[in-house]
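K.L.:
below is the sequence, then the predicted model.
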Amino acid sequence: MAEKKISGDMVINEVIRQYPWTLPIFHRYEVDSCCGGANTIAFAASMQGLDLDLILAELESAAAGEE
């Protein structure tokens with residue numbers, strides 16, 4: 001099994017810098033990547049009532065598919 005690249009404790013802007021193709025996923029879930037970009041993915045998901053596991057799975061898929 002491949003090692004996970006993205007976790008909930010990662011900062012949104014760091015993920016976007018490393019994996020720019022994840023930006024559309026953040027936009028789809030309306031996760032603020034501008035002013036809120038300094039927050040962790042887990043914090044943003046909890047503040048918006050989003051399913052963290054679902055978002056992480058989509059981000060992970062995007063990160064794995066673009067290398």
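P.N.:
Cool, got the structure. Because the structure is a prediction, the values reported are computed rather than measured.

K.L.:
what packs against the strand or helix carrying residue 16?
P.N.:
Assignment of secondary structure by DSSP states H and E places residue 16 within helix 12-18. Packing contacts for helix 12-18, counted by 3 or more CB pairs under 8 Å, 6 or more residues apart in numbering; DSSP states H and E, involve helix 23-28, helix 41-48. Backbone N, C-alpha and C define where each C-beta goes, glycine included.

K.L.:
would you turn these into JSON lines with mean pLDDT, mean neighbour count and distance to residue 60?
P.N.:
Formatted as JSON lines, the entries for the helices and strands packed on helix 12-18 read as follows, by pLDDT from 0 to 100; neighbours: other CB atoms under 10 Å; distance: least, CB to CB, whole Å:
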{"stretch": "helix 23-28", "mean pLDDT": "94", "mean neighbour count": "14", "distance to residue 60": "10"}
{"stretch": "helix 41-48", "mean pLDDT": "95", "mean neighbour count": "17", "distance to residue 60": "11"}
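
K.L.:
who wins for proximity to residue 11 among the ones you listed?
P.N.:
Ranking the helices and strands packed on helix 12-18 by their distance to residue 11 (criterion: CB to CB) puts helix 41-48 first, at 7.9 Å.

K.L.:
which strands or helices does that closest one pack on?
P.N.:
For helix 41-48, the contact count by 3+ CB pairs under 8 Å, 6+ apart identifies helix 12-18, helix 52-65 as packing neighbours.

K.L.:
could you dump those helices into CSV with distance to residue 31, mean pLDDT and mean neighbour count added?
P.N.:
Formatted as CSV, the entries for the helices and strands packed on helix 41-48 read as follows, by distance: least, CB to CB, whole Å; pLDDT from 0 to 100; neighbours: other CB atoms under 10 Å:
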stretch, distance to residue 31, mean pLDDT, mean neighbour count
helix 12-18, 7, 94, 17
helix 52-65, 8, 93, 16
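
K.L.:
having no further points to raise, I will conclude here.
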